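J.: quick one, structure for this:
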Amino acid sequence: MPLLRRLSWVAALAATVLLSACSTLPRPALPERTAWQDFALTARFALTSRQPGEAEQKAGGRLDWRHQNDGDEILIANPIGIGLARLDSRPGEARLETGDGRRFVADDPEQLLFDVLGQALPVRQLPRWLLGRTSADGQLQRDPQGRPSRLEEAGWRIDYSYDDEAPGSLPSRLHLRQGEHIDLRLRIEEWKSAP
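T.: Down below sits the predicted model:
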């Protein structure tokens, strides 16, 4: 076998070995759920709204959420990834920019979403709820591994599902309901501990 052909064969073999090794490298371990404060996540969502006297409304898509220092940045996109809206929320101020460039401002995100969309979603509570934390007024149930399985607070019920059995694991699916009016399902595709 000529030298050039042997070198190209060795290079191809080395590249194959390296690529297969890279694809099997484990992801860095995430901290346990109880250690989280700030986070970023990518998820798919499905929202159904039923208001008295109105037709049922449905929406779905993707979202990227970054929570840091009591502030939230949520990017909402349609199922194929085209941006629909961006919500920035800090204590005392919330801003919403739609995909067509319209901008709205209010004192808090719930009021802003109600003014613009006709729905008040619990944006301020969701960072706690995503991690299975409740206020003093809430009720939390745990599964046999000690993880949150159901949380009830402020008229909302949140059910949690997990992709593994580890006691400190983060939820992969959440089902949030406010009576018969709002049904929100989240399928979390990726958690990051440092936004």
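J.: any chance you could list what contacts stretch 108-128?
T.: Counting by C-beta atoms under 8 Å, 6 or more residues apart in numbering, the neighbours of stretch 108-128 from elsewhere in the structure are 39, 49, 51, 67, 72, 74, 87, 89, 92, 94-96, 104-106, 129, 134-135, 153-154, 156, 176, 182, 184. Heads up, the C-betas are built off the backbone N, CA and C, glycines and all.
J.: go with 7 Å
T.: With contact meaning C-beta atoms under 7 Å, 6 or more residues apart in numbering, stretch 108-128 is reached by 49, 67, 72, 87, 89, 94, 96, 104, 106, 153-154, 156, 182.
J.: go on, stretch 52-68?
T.: Taking C-beta under 7 Å, 6+ apart as the rule, stretch 52-68 contacts 38-50, 72-79, 81, 84, 127, 195.
J.: let's see 6 Å
T.: When contacts are defined by C-beta atoms under 6 Å, 6 or more residues apart in numbering, stretch 52-68 is touched by residues 38-50, 73-79, 127, 195.
J.: residue 112 belongs to a helix, doesn't it?
T.: Yes: counting by DSSP: H, G, I helix; E, B strand; the rest coil, residue 112 is part of a helix.
J.: from residue 84, how far off is it?
T.: Using C-beta to C-beta, to the nearest Å, residue 112 is found at 15 Å from residue 84.
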